[in-house]
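Student: how does the following fold in three dimensions:
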Amino acid sequence: MDWNRVEGNWKQFKGKVKEQWGKLTDDDLDRIAGKRDQLEGTIQERYGIEKDRVHADVDDWCDRQKWN
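Tutor: Residues are numbered from 1 along each chain as shown. Sure thing, here's the model as predicted:
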């Protein structure tokens, strides 16, 4: 997994993130700006999921992405 690729191409990944975590708003995604810690914190806030679970969910999501 290469989070730097997500951060560097955040505009392209925002739609995929929103598909996975639909409770995130466009304002949330703009504020997150590709920062993984911001993404995880916002997911925790919106979904009420514990930190370790969110971290694992984001890892799983990254592993499923096509990095072409």
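Student: who's in contact with the longest helix seen in the chain?
Tutor: For the chain, the helix that runs over the most residues, judged by DSSP state H, is helix 51-64. Helix 51-64 is contacted by residues 1, 3, 6, 17, 20, 36, 39-40, 43-44, 47, 49 when judged by Cβ atoms under 8 Å, 6 or more residues apart in numbering. Every residue, glycine included, has its C-beta placed from N, CA and C.
Student: let's have these in a markdown table, adding pLDDT and distance to residue 59.
Tutor: A markdown table is the format used below for the contacts of helix 51-64 (pLDDT from 0 to 100; distance: Cβ to Cβ, whole Å):
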| residue | pLDDT | distance to residue 59 |
| --- | --- | --- |
| 1 | 54 | 7 |
| 3 | 87 | 10 |
| 6 | 89 | 12 |
| 17 | 96 | 14 |
| 20 | 96 | 12 |
| 36 | 96 | 10 |
| 39 | 98 | 12 |
| 40 | 98 | 10 |
| 43 | 98 | 12 |
| 44 | 98 | 15 |
| 47 | 97 | 16 |
| 49 | 96 | 14 |
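Student: pull out the buried residues from those.
Tutor: Neighbour counting over those (16 or more other Cβ atoms under 10 Å) leaves 6, 17, 36, 39-40, 43 as the buried ones.
Student: hang on, the earlier thing: what is the most widely separated pair among the contacts of helix 51-64?
Tutor: Largest separation among the contacts of helix 51-64 by Cβ to Cβ: 1 and 47, giving 21.0 Å.
Student: which residues touch the nearest residue to residue 35 once chain neighbours are set aside?
Tutor: Computed as Cβ to Cβ, 6 or more residues apart in numbering, the closest residue to residue 35 that is not its neighbour in sequence is residue 7, at 6.9 Å. Taking Cβ under 8 Å, 6+ apart, we find residue 7 in contact with 34-36.
Student: any idea how far residue 7 is from residue 30?
Tutor: As judged by Cβ to Cβ, to the nearest Å, residue 7 and residue 30 stand 14 Å apart.
Student: now residue 33. Its backbone dihedrals?
Tutor: With angles defined as degrees, to the nearest 10, residue 33 sits at phi 50, psi 40.
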